[in-house]
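# predicted coordinates and the sequence they were generated for:
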Amino acid sequence: MQNLIFKETDGELTASLYGELDHYLASSVRERTDGEINAARPSRFVLDISGVSFMDSSGLGLIMGRYTVCRGLGIDFVLRGADERAMKILDMAGLCSVISTENVKKEGEKNEKQACKRN
Amino acid sequence: MKNKPVNEIKITLSALPENEAVARGCVSQFVSRADPTVTELADVRCAVSEAVTNCVVHAYKGEIGDIYINARLYGDGRLTVKIADKGCGIPDVALAMTPLYTTDKNGERSGMGFAIMQSFCDKLKVRSSIGRGTVVFMEKYLGR
């Protein structure tokens, strides 16, 4: 199964991740993702994790790393499709207010738009 | 007399990245027998993943050593998980446990591993000795 799929449209590059976003997956997709970002130089980069069923701090590291790469290149970074658990982990690191998110998944719902909760 | 566990597993795994999923999968299968809530099960999965990833990334630094996992369930719904390695050890445990602290130079580690374990468990103890290894002890009450 493909764990990482890229799509490029109108200056926007989307990387969709599938599976369990742990250290193993993070280290295997990091270089390819940075390679695509550097090659495409989009104005907006979307990391879509709606197909991710599990995430730990290594996933958080991957998100932080890509955010930093994009910021360095003047690219807008967006995290799409995070579920409540991913948001909770993001929040623990104080990233909810830093990283732009869209289509945050509520428990039992898909693609529901929701503001980042602080609790 | 000290409480005896009603169920117990002991697993030894090679410290390989692909075994991170195996470790959290085994423990979560074991725990699911105790009728945990969805959140509790997800908490345990994540906490175990953090501890095992630490063994792979930090304790053995890419060398293939062994990771020892011992999970116990008690009659009162208490779960204990001990995750041990014989790796390099942590020079300053309190510092290592500080949120966002990481020894990683290239910025790909978030430094949130211990903070996540702490947040997802009721109790967390870390014992480490240089050159001999680290033991992470987690405790969580299930079905609450």
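Ah, there it is. Numbering: from 1, shown residues only, chains lettered A, B, ... in the order given.
# I'd say B:N19 and B:L13 touch.
Yes: B:N19 is in contact with B:L13 according to CB atoms under 8 Å; the separation is 4.6 Å. All C-beta atoms are positioned from the backbone trio N, CA, C, and that covers glycine.
# any residues in contact with both of these two?
B:V52, B:I67 (CB atoms under 8 Å, 6 or more residues apart in numbering or on different chains).
# chain B: strands as residue ranges?
Secondary structure of chain B (DSSP state E): strands located at B:7-14, B:66-73, B:78-85, B:123-129, B:133-141.
# no no, chain A
A:4-9, A:12-21, A:44-55, A:76-80, A:100-102.
# tell me how far the shortest one lies from the chain's centre.
The reference is to strand A:100-102. Centre-to-centre, strand A:100-102 and its host chain are 9 Å apart (CA atoms, centre = their mean, to the nearest Å).
# next up, the contacts around the closest residue to A:I5 other than its chain neighbours.
The shortest distance from A:I5 to any non-neighbouring residue, by CB to CB, 6 or more residues apart in numbering or on different chains, is to A:S16 (4.7 Å). Counting by CB under 8 Å, 6+ apart, A:S16 makes contact with A:L4, A:I5, A:F6, A:K7, A:D48, A:S50, A:G51.
# my guess is the second one meets A:G19, correct?
Spelled out, it's A:I5. No: between A:I5 and A:G19 there is no contact under CB under 8 Å: 11.7 Å.
# measure the residue nearest to A:L60 when sequence neighbours are not counted to A:S28 for me?
Nearest residue to A:L60 in three dimensions, chain neighbours excluded: B:S110, at 4.2 Å (CB to CB, 6+ apart). Per CB to CB, to the nearest Å, B:S110 is found 17 Å from A:S28.
# same deal with B:R109?
16 Å.
# more neighbours: those two, which one.
B:R109 (25 against 13; other CB atoms under 10 Å in any protein chain shown).
# what's near enough to touch the more buried one?
Per CB under 8 Å, 6+ apart, neighbours of B:R109: A:S57, A:S58, A:G61, B:V57, B:T102.
# around chain A, pick out the residues from chain B.
Proximity of chain B to chain A (CB under 8 Å from any CB of the partner chain) is limited to residues B:17-18, B:20-21, B:24, B:42, B:45-46, B:49-50, B:53, B:56-57, B:99-100, B:107-113, B:115-116, B:119.
# redo that, cut-off 6 Å
B:17-18, B:20-21, B:42, B:46, B:49-50, B:53, B:107-110, B:112-113, B:116 (CB under 6 Å from any CB of the partner chain).
# which of the residues you listed lies closest to A:K105?
B:A42 (13.9 Å; CB to CB).
# the nearest residue to the closest one once chain neighbours are set aside and A:D48, how far apart?
Leaving aside its chain neighbours, B:A42 sits nearest to A:R85 (6.0 Å; criterion: CB to CB, 6+ apart). Note on A:R85: its distance to A:D48, by CB to CB, is 16 Å.
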